[in-house]
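Undergrad: Sequence below, structure please.
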Amino acid sequence: MNEHVKFEVEDGVAILTINNPPVNALDAWVRQGLLDGIERAEKLNAVGSVLIRAAGRTFPAGADVREFGKPRATPILSDVVARIEACEKPVVAAIHGTALGGGFEIALGAHYRLANRGARFGLPEVTLGVLPGAGGTQRVPRITGAGPALDLMLSGRPISAEKASDLGLVDALVDGDVAKAGFMFARDMARKSGAVRRSCARRDGFQDAGSYMAAIAARRGEVARSPLMSPARIVDCVEAAMLLPFEAGIAMERAAFDDCEASPGAQSLRHAFLSERRAAKVPELDGATLREVNTIGVVGAGTMGTGIAVACLDAGFPVTLVERDEDGLLRGVEKVDAIYERSLAKGRIDAATRDARMDHLTGTTDMDDLAHVDLVIEAVFEEISVKEGVFAQLDAVMKPGAILATNTSYLDINDLAATISRPQDVVGYHFFSPANIMKLLEIVVANKTDPNVVATGFALAKRLRKVPVRAGVADGFIGNRILAAYRLAADFMLEDGATPSQIDGAMRAYGFPIGPYQVLDMAGLDISWARRKRLAATRAPDARYVAIGDRLCERGWLGQKAGRGYYLYEDGARVGSEDPEVLRIIAEERAAKGITPRQFSMDEIQHRCLNAMANEGARLVQEGVALRPSDIDVVMIYGYGFPRWRGGPMMAADLRGLLEVESDLRSYQSEEPTFWAPSPLFNELVKNGRHFGDMNGD
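TA: As a prediction, this is how the structure comes out:
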């Protein structure tokens, strides 16, 4: 045996204990250990049954995702599961924690399954663009029927042990030590020469063939429009479970898995999954001493401040919310209360939870009340002079060693930190609105930020259930720099002949939930207008400037809140309609510059926007604002609606081909030489046969 699977015999039971922390992933060593253990147990006359259990906090929580897309090391998981199932001696699985993906399939290969009542079961492969590849599509429907099996596989969501028991996937639920209960069950099987019961031979789920095929037809219609290959192939495989012999169904599943694994969607989803984990690895974590954060202050009770306060309250922190006057404070507390009332009404929390969280909130207009807190998050108006004033007050009252975080979207944190006596304690926390819901948190590291402060921010993000990404100081940091490039590429096309609805439609077709002009209307055009005015003094005189947005703002057409922006919102409508007056303004701006409008295809709109994002991303990596290309993808997926199944702008560029993207950028340069100039990183990578993915440092 090997160190990942311990083999021992006790009272006629061969016990195979999986020990591959932290989640007992089914890597090649574990697979080999299980295979060897089953074969050894079958040969020993002293063994009457086999128990498969796991050490640590969970039964195997799935395969090792890092193996996907690479040549598979033997034995492959489907062969291991088949060998477990073929064992002539009863095999019992004792399950605790989360039996997900391959872990669940291992359990399905066993003849009997016992589970702790707190255990959870799932087949989440669809979230990675693939399907269960070790018999899950064939064994589950044999037990449950097509409907429940497809619910598991197409949603990817885990179910409780109770639900699994109701479906027949678990034979017994255990309140206490499931490993002990599993041993006693296996020992009884050994003493009684208990019979094996193979999932591949079960037909419980096939009893109502009409309902089975009706569920197949219904789900086939539901998945027809999915951009991914795997949902439709899952339906096909579950149908095959009933129509084909078991071995043929397994072969079909294997082929479907291989096809899906190689698809662009699956590559992108794997990239997104691994990128999120990678983003949490930053140099400041090495040897860090975390600062203690038990209490949090939030300055500013507007939309962002109250959202941040709720995120902190949800994580169990006592929060002191500060506003400059009683009226503003009252409105802020009412906003927090309203958020919890909505959660209560939707059944997301109960009344006791709502009351407990509100009890942890203290409102005040006195900055001195922050003297005791460990961390203050400043979330006042995005104006440097306003923030500097707040910083001065906080510098005077905060205790030594307390962290001062600014929630700014664009401002220079080095400049802010330089105004107080403790620049080493200053860091940027760029939350995204609504802050209590959006998962992204850009942690912006200034020149003098203490590494321990950075490390503490990443630990805090985990408690807040946020996805943290490290960013250096730059206008807009990572996300808003990319967003600005995206919008500028769109603005150029708008001025050259496209309409807002054409551009928005093309980007929705690519997979974004809404297009760039819909986003502007939703956020308010005055926000980007203020940034343009702030940067006007530093703008190169020969840079191409599109003033269409300025013309709308000058008329007071600031988006949804004004009833008019790039679109018209009649009678408070949330979805805008094309506005002939906006099209007239665009035409006037073109005429003023002597531009003859031309047509843009959907592909060209998408390519120009994506190329602009990838190019700006390459610049951010070269400047050191982003640690790695994959961090940019994480930011765009979690903060800006970039479709996860596309992987992010850097992954999209890799899939399209960096030489092709660079060639496109060069072809645009006659329109705006500086903006469209390809980052030198493209040439460097192409010349060496490398991709952005090679820079991620796995």
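Undergrad: contacts, neighbours, all on C-alpha from now
TA: OK.
Undergrad: Please, where are all the helices along the stretch 451-600 of the chain?
TA: Secondary structure of the stretch 451-600 of the chain (DSSP state H, counting those that start in this stretch): helices located at 451-463, 479-496, 500-510, 516-523, 525-535, 548-554, 580-593.
Undergrad: Give me the angle between the longest one and helix 580-593.
TA: Okay, so that is helix 479-496. Computed by axes from the mean of the first three to the mean of the last three CA atoms, to 10 degrees, the angle separating helix 479-496 from helix 580-593 equals 80 degrees.
Undergrad: Pull the distance from helix 479-496 to the chain's centre.
TA: What separates the centre of helix 479-496 from the centre of its chain is 24 Å, taken as CA atoms, centre = their mean, to the nearest Å.
Undergrad: what do you get for the last one?
TA: What separates the centre of helix 580-593 from the centre of its chain is 40 Å, taken as CA atoms, centre = their mean.
Undergrad: ok, and what's touching it?
TA: Residues outside helix 580-593 that contact it (CA atoms under 8 Å, 6 or more residues apart in numbering) are 494-496, 499, 547-548, 551-552, 566-567, 596-597.
Undergrad: who wins for most neighbours among these?
TA: Per-residue neighbour counts (other CA atoms under 10 Å) across those peak at residue 566, which has 27 neighbours.
Undergrad: one step back: quick one: the helices of the stretch 451-600 of the chain as JSON lines, columns for distance to residue 623 and mean pLDDT too.
TA: JSON lines is the format used below for these (distance: least, CA to CA, whole Å; pLDDT from 0 to 100):
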{"stretch": "helix 451-463", "distance to residue 623": "19", "mean pLDDT": "97"}
{"stretch": "helix 479-496", "distance to residue 623": "12", "mean pLDDT": "97"}
{"stretch": "helix 500-510", "distance to residue 623": "28", "mean pLDDT": "98"}
{"stretch": "helix 516-523", "distance to residue 623": "26", "mean pLDDT": "94"}
{"stretch": "helix 525-535", "distance to residue 623": "20", "mean pLDDT": "88"}
{"stretch": "helix 548-554", "distance to residue 623": "29", "mean pLDDT": "96"}
{"stretch": "helix 580-593", "distance to residue 623": "34", "mean pLDDT": "96"}
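Undergrad: May I see those arranged in JSON lines, with distance to residue 376 as well?
TA: Converted to JSON lines, those look like this (distance: least, CA to CA, whole Å):
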{"stretch": "helix 451-463", "distance to residue 376": "12"}
{"stretch": "helix 479-496", "distance to residue 376": "23"}
{"stretch": "helix 500-510", "distance to residue 376": "38"}
{"stretch": "helix 516-523", "distance to residue 376": "26"}
{"stretch": "helix 525-535", "distance to residue 376": "25"}
{"stretch": "helix 548-554", "distance to residue 376": "34"}
{"stretch": "helix 580-593", "distance to residue 376": "43"}
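Undergrad: The ones you listed: which one's closest to residue 392?
TA: helix 451-463 (19.7 Å; CA to CA).
Undergrad: Okay, buried residues for the one helix or strand in the chain whose mean pLDDT sits lowest please.
TA: Lowest mean confidence among the helices and strands of the chain (mean pLDDT, DSSP states H and E): helix 525-535, at a mean of 88. Using 16 or more other CA atoms under 10 Å as the test for burial, helix 525-535 gives 525-526, 528-529, 532.
Undergrad: Show me the two of those that sit farthest apart.
TA: Among these, 525 and 532 lie farthest apart (CA to CA), at 10.9 Å.
Undergrad: Return the distance of residue 183 relative to residue 97.
TA: Per CA to CA, to the nearest Å, residue 183 is found 17 Å from residue 97.
Undergrad: Have a look at those two and say which one is more surrounded.
TA: residue 183 (24 against 21).
Undergrad: Grab the nearest non-local neighbour of the more buried one.
TA: residue 51 (6.5 Å; CA to CA, 6 or more residues apart in numbering).
Undergrad: So that neighbour lies in a strand, does it not?
TA: Yes - the assignment for residue 51 is a strand, going by DSSP: H, G, I helix; E, B strand; the rest coil.
Undergrad: Check the burial of it by counting its neighbours.
TA: 27.
Undergrad: pretty sure it contacts residue 186?
TA: Yes - here residue 51 lies in contact with residue 186, judged by CA atoms under 8 Å, at a distance of 6.3 Å.
Undergrad: Return the residues in contact with the nearest residue to residue 523 once chain neighbours are set aside.
TA: Residue nearest to residue 523 in three dimensions, not counting chain neighbours: residue 559, with 7.5 Å by CA to CA, 6+ apart. By CA under 8 Å, 6+ apart, the contact set of residue 559 is 520-525, 565-567.
Undergrad: Could you measure from residue 559 over to residue 578?
TA: Applying CA to CA to residue 559 and residue 578 gives a distance of 13 Å.
Undergrad: what does residue 585 give?
TA: Applying CA to CA, the value for residue 585 to residue 578 is 13 Å.
Undergrad: what's the next secondary structure element after the helix or strand hosting residue 341?
TA: According to DSSP states H and E, residue 341 maps onto helix 326-345. Later in the chain than helix 326-345, the nearest helix or strand by DSSP H and E is helix 351-359.
Undergrad: What mean pLDDT does that following helix get?
TA: Average pLDDT, helix 351-359: 96.
Undergrad: So which elements touch that helix?
TA: Under the contact criterion of 3 or more CA pairs under 8 Å, 6 or more residues apart in numbering; DSSP states H and E, helix 351-359 touches helix 326-345.
Undergrad: Pull out the buried positions in the helix it packs on.
TA: Neighbour count says helix 326-345 has 328-329, 332-333, 335-337, 339-341, 344 buried, by 16+ other CA under 10 Å.
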